[in-house]
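Asker: have a look at this prediction, sequence included:
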Amino acid sequence: MTTLFIKNMVCNRCIMVVQNELEKLGLTVKNIKLGEVTLDKELPENVKTNLVKALTVLGFELIDDKKSRIIEKIKNIIIDLVHHQDGEIKYNLSDVLNSKIHHDYNYLSNLFSEIEGTTIEKYFIAQKIEKVKELLVYDELSLSEIAFRLNYSSVAYLSNQFKKVTGLTPSYFKQIREDKRKPLDKV
């Protein structure tokens, strides 16, 4: 068996696209998840070259070095926590990363900062703010429901963090998004 680590796999659609490319090359996928693919056998060098080309065209990248794999795992865990585990961000991020990656959080934090030029916490906050934007645009939840779902201690804390990151209040962001949208009969 071979495990491949793939950069920029951030959603279920990415998983589907990567799996499709692997199958086009005649490869059998044993397991696939964000950033990681397990194949049933070794990958011949000529097939690997073709895979790298196909993935690059689609915006993905095969990761070969250990540090980059760890960074990608951190990102994928955070993306999964924020975007795919609705209402389950109830755990300490450092504990989640320690248990899933099996490295000391200080090592992970220093490595992430060194390679990405930002902290794990800032990346986590950026992902949460993107999720807040998405939920505001969907307009199905109140701000307090969004705050609860993303484990903010209060609506005020969410609003302050949102404004610090985007420069806008959540309500103003929602308003300008609505102003840009046209009803279908006006398109």
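Answerer: Structure's in. What do you need? Residues are numbered from 1 along each chain as shown.
Asker: which stretches of this protein form helices?
Answerer: With DSSP state H, the ranges of helices along the chain come out as 12-24, 45-57, 66-84, 93-101, 105-116, 120-138, 143-149, 155-166, 170-180.
Asker: give the contact list for Ser94.
Answerer: Counting by C-beta atoms under 8 Å, 6 or more residues apart in numbering, Ser94 touches 105, 109. For the C-beta atoms, the positions are set from N, CA and C on the backbone; glycine is no exception.
Asker: go again using 7 Å as the cut-off
Answerer: Ser94 makes contact with Tyr105, according to C-beta atoms under 7 Å, 6 or more residues apart in numbering.
Asker: could you report the pLDDT at it?
Answerer: What the model reports as pLDDT for Ser94 is 90.
Asker: cool, the one 4 residues further on as well?
Answerer: Confidence at Asn98, expressed as pLDDT, is 90.
Asker: and it, how many neighbours?
Answerer: When neighbours are counted by other C-beta atoms under 10 Å, Asn98 registers 15.
Asker: and what of Val29?
Answerer: Neighbours of Val29 (other C-beta under 10 Å): 15.
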